[in-house]
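Participant: return a 3D structure for these sequence lines:
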Amino acid sequence: MHSLKKVDISAANFRSGVADVPENFVEPDTTSKKQIAADKVLKNRAFSHRIAAPQWSGNFVTPVKAKPTDSFGMSRVFNEELSSTHRGTDFPVNQGAPVVVSNSGTVVLAKELFYEVNCVMVDHGKQFLTILYAAVEDRGEGGEQASEG
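Facilitator: Below is the predicted model:
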């Protein structure tokens, strides 16, 4: 038996963030464009990975010991050009801080990518993935089972 719960949805006001980044991130050179294209293939493969049954149990935990920023939905302007809308949650931690998997799952991508440095994607089953960028130093190899914490 399923229960229903009313959820109120209203418009949100998202911030804009401005950053100066190396020009190659805004206008990639030929070599970088090839890497970006190869990365896209890897990410699409990871996003299309399917595990029918849930691999998680219980509640998900935050990957680091820090409070999240309010950066979700932020318009990102790099070198005075609108670049993207941020669709993740940032946790401000120092490099080398311990990072954990939010719950049990299978690592479907573990690689340094052009834009998503030190990317780890974990498939928890039922088309639910968590993705970690930047702070992860020991990525593993992919295909490994991951347990919460």
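Participant: what about Asn24, how many neighbours?
Facilitator: Counted with other Cβ atoms under 10 Å, residues neighbouring Asn24 total 11. C-betas here are computed from N, CA, C, even on glycine.
Participant: so what does the closest residue to it other than its chain neighbours look like in phi/psi?
Facilitator: The spatially closest residue to Asn24, leaving aside those adjacent along the chain, is Ser32, at 5.7 Å (Cβ to Cβ, 6 or more residues apart in numbering). Recorded main-chain torsions at Ser32 are phi -70, psi -40, according to degrees, to the nearest 10.
Participant: for the one 10 residues further on, same thing?
Facilitator: For Leu42, the backbone dihedrals are phi -60, psi -40 (criterion: degrees, to the nearest 10).
Participant: confirm for me that it is in contact with Leu109.
Facilitator: Yes: the pair Leu42 and Leu109 passes the contact test of Cβ atoms under 8 Å, sitting 6.0 Å apart.
Participant: for the two, indicate the residue with more neighbours.
Facilitator: A direct count of neighbours by other Cβ under 10 Å for Leu42 and Leu109 places Leu109 higher, at 23 against 16.
Participant: residues contacting that one?
Facilitator: Leu42, Lys43, Arg45, Ala46, Cys119, Val120, Met121, Gly142 (Cβ atoms under 8 Å, 6 or more residues apart in numbering).
Participant: that's a strand at it, yeah?
Facilitator: Yes: remark: Leu109 belongs to a strand, assigned using DSSP: H, G, I helix; E, B strand; the rest coil.
Participant: mind listing the strands for the chain?
Facilitator: According to DSSP state E, the chain carries its strands in the segments 16-19, 75-78, 81-85, 105-111, 119-123, 129-132, 145-146.
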